[in-house]
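[1] Model the following, please.
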Amino acid sequence: MDIKGLFFHTEVNGQIQFQGQILNEISKAQIEVQLYSFADGAPTDIEIWNVKDHNFAAFFRTDEDMNLSYYARTKIEKR
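    Here you go, the predicted model:
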């Protein structure tokens, strides 16, 4: 499965921890990600992650799908 370009949520203790997009699959163990702010959805950091260090809760094809999932899970009104 090609994961490059997919959007995602990670979670800790049932709560969304990070939201972002996979920019590049460096290896099966490492990915480059673009993180997005929860406050306004703006891009924040680009990081290299070890896949095993993160609990990926969901993957999305579009940022809109990711946003809709966030609003549904958190019960926050969409802006």
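[2] Give me the nearest residue to K52, chain neighbours excluded.
    Of all residues not flanking K52 in the chain, A29 sits nearest, at 7.0 Å (C-beta to C-beta, 6 or more residues apart in numbering). Every C-beta, even on glycine, is put in place using the N, C-alpha and C of the backbone.
[3] Just to check, the one you found is in contact with W49?
    No. If you go by C-beta atoms under 8 Å, A29 and W49 don't touch, sitting 9.6 Å apart.
[4] So for these two, which sits in the more crowded spot?
    Neighbour count, other C-beta atoms under 10 Å: between A29 and W49, W49 has more, with 19 against 11.
[5] What is the burial count for N50?
    10.
[6] Surely it is in contact with Q30?
    Yes. With contacts counted by C-beta under 8 Å, N50 reaches Q30, the gap being 5.9 Å.
[7] Identify the residues contacting stretch 26-36?
    3, 8, 18-25, 42-52, 63 (C-beta atoms under 8 Å, 6 or more residues apart in numbering).
[8] Also stretch 45-59?
    By C-beta under 8 Å, 6+ apart, stretch 45-59 touches 3, 6-12, 16-18, 23, 26, 28-35, 69.
[9] What subset of the residues you listed is buried?
    Among these, the ones that count as buried by 16 or more other C-beta atoms under 10 Å are 6-10, 16, 18, 31, 33-35, 69.
[10] Would you point out the most distant pair within the residues you listed?
    Maximum pairwise distance in the buried ones among the contacts of stretch 45-59, criterion C-beta to C-beta, is 19.7 Å, between I31 and S69.
[11] can you give me the strands in the protein?
    For the chain, strands defined by DSSP state E occupy the ranges 7-12, 15-25, 30-36, 43-50, 56-60.
[12] Could you say which one of those comes nearest to K75?
    strand 15-25 (12.2 Å).
[13] Only alpha carbons, please: show the closest one as CSV.
    Taking C-alpha atoms only, strand 15-25 is exported to CSV below (Å, rounded to 0.1, in the frame of the first residue of the first chain):
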residue,chain,number,x,y,z
GLN,A,15,-7.4,11.2,22.2
ILE,A,16,-6.1,12.6,18.9
GLN,A,17,-2.5,13.6,19.4
PHE,A,18,-1.3,14.6,16.0
GLN,A,19,-2.8,15.3,12.6
GLY,A,20,-0.8,15.5,9.4
GLN,A,21,0.1,14.2,6.0
ILE,A,22,2.7,11.7,5.0
LEU,A,23,5.1,13.4,2.6
ASN,A,24,7.5,10.5,2.0
GLU,A,25,8.0,6.9,3.0
